[in-house]
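**Student:** Mind folding the following:
(one chain, ligands or ions: 1)
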Amino acid sequence: MGDDLTVTGDGGDQNAAIWKSAAIVGEWRSNAEERERRRAVGLQLLAELLPFRADQPFTFADLGAGTGAAARAVLERHSQATAVLADFSPQMMGEGVEQLRPYEGRYRYVEFDLAAGAWPEAVPPVLDAVVTAFFVHHLPDERKAALFGEILDRLRPGGWFVNLDPTRAVEPLVEDTWTRMNDRLDPEAAERRAHRTPAEQARWENHVRYLAPVAPQLEALARAGFEGVDVYWRHLENVLYAGRRPVA
Ligand SMILES: C[S@@+](CC[C@H](N)C(=O)[O-])C[C@H]1O[C@@H](n2cnc3c(N)ncnc32)[C@H](O)[C@@H]1O
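**Tutor:** As a prediction, the model looks like this:
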C-alpha cells in the first residue's frame with residue numbers, strides 16, 4: 001500500500017499511507033545513522049529507567065516499534081530481556097529485521113494497528129514493561145488516552161510504561177526557541193524546511209498533526225491510573241515521560 005506519489009501534503013490523516021510507503025521507509029533507512037546518533041541519549045535513558053538488573057529476565061513490548069530503536073536500546077542493556085515489537089507497517093518491520101539481527105531469538109514482531117484498539121492475541125496478556133519511542137504523537141488525543149489505559153491493563157503490578165516522544169510547545173516563543181536551538185545543532189535544517197518536496201511536506205504534516213503538549217499527556221497517564229508519572233528527561237521538544245502501574 002502507498003508510495004510517495006500518493007503521499008502529498010494537505011490530504012488529511014495519511015499516517016498509514018506514509019508509514020506503509022516503500023519510498024518513505026527507504027528514506028527512513030538512509031537517515032538511520034544520523035537519527036540514532038541524535039536520539040542516543042534519550043533511548044539509553046529510556047532503557048535505564050526500567051527498574052531491572054542488567055541480567056534479569058523480563059518481557060516488554062515496544063509499541064509503534066518501527067525498526068526497533070527503543071527495543072534495541074532495552075535489549076542491549078538487559079541481556080535476558082525479550083521483546084514484542086508492535087507496528088502496523090510491514091515495510092518498517094521488514095527493515096527492522098535487518099537491524100535486530102544481533103538480538104535474534106530475543107524478539108518477535110506483531111502486526112498491530114494501534115489506532116484501532118483491539119490487541120492481537122500474539123501480544124502477551126501480561127507484560128513486565130511497555131516502551132514507546134516517537135510513536136504516541138501519531139495518535140489523536142482521545143486515542144492516546146485510551147491507549148494509556150490499555151497499556152496499564154496489560155502491565156503487571158509495578159510495571160513501567162516509558163515513552164520518548166516529541167511534544168507541542170504551548171507558546172510560540174517556546175516553539176521559536178526550540179527551532180532556533182535545533183537549527184544550531186543542524187545548520188542545514190532551515191534550508192530543508194524552506195524547500196520540502198510534497199512527500200516531505202506530507203511527512204511533516206503527519207508528524208505535527210496530533211502532536212500534543214506534555215502536560216495533558218501526563219494528566220491522561222495519571223487519570224488512566226499510573227503512579228510516579230513525571231518527565232524524567234527532556235531535550236527541547238523531545239520528552240521522556242513515564243509512569244508505573246501501582247503495585248497493589
Ligand atoms: C516515527 S516512527 C518511530 C519508530 C520507532 N519507534 C523509532 O523510534 O525509531 C513511527 C512508527 O510508528 C508506526 N505507527 C504509526 N501509526 C501506527 C499505528 N496506528 N499502529 C501501529 N504502528 C503505527 C509507524 O509504522 C512507524 O514505524
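**Student:** close to the ligand, is the lengthiest strand in the chain?
**Tutor:** The strand spanning the most residues in the chain, taking DSSP state E as the definition, is strand 155-166. No - between strand 155-166 and the ligand, judged by C-beta under 6 Å from any ligand atom, nothing touches; the nearest distance is 7.4 Å. C-beta here means a position set from N, CA and C on the backbone, and glycine is covered the same way.
**Student:** where do the strands sit along the protein?
**Tutor:** Using DSSP E, strands in the chain cover 58-63, 81-87, 107-111, 127-133, 155-166, 227-235, 238-244.
**Student:** now the ones you listed as TSV including distance to Leu75 and mean pLDDT?
**Tutor:** Below are the strands of the chain laid out as TSV (distance: least, C-beta to C-beta, whole Å; pLDDT from 0 to 100):
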stretch	distance to Leu75	mean pLDDT
strand 58-63	9	98
strand 81-87	6	98
strand 107-111	7	98
strand 127-133	11	98
strand 155-166	14	98
strand 227-235	20	98
strand 238-244	18	98
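**Student:** shaky segments in the protein?
**Tutor:** The chain contains residues with pLDDT under 70 at 1-11.
**Student:** Break down it into its helices, ranges please.
**Tutor:** 15-19, 22-30, 32-49, 69-77, 90-99, 141-154, 172-185, 189-194, 198-208, 214-224 (DSSP state H).
**Student:** Of these, flag the one that's most buried.
**Tutor:** Sort the helices of the chain by mean neighbour count, taking mean count of other C-beta atoms under 10 Å, and helix 69-77 sits at the top with a mean of 23.
**Student:** I'd like to check the angle between it and strand 127-133, please.
**Tutor:** Direction vectors for helix 69-77 and strand 127-133, defined by axes from the mean of the first three to the mean of the last three C-alpha atoms, to 10 degrees, enclose an angle of 130 degrees.
**Student:** helices or strands up against helix 69-77?
**Tutor:** Contact partners of helix 69-77 among helices and strands, from 3 or more C-beta pairs under 8 Å, 6 or more residues apart in numbering; DSSP states H and E: helix 32-49, strand 58-63, strand 81-87, strand 127-133.
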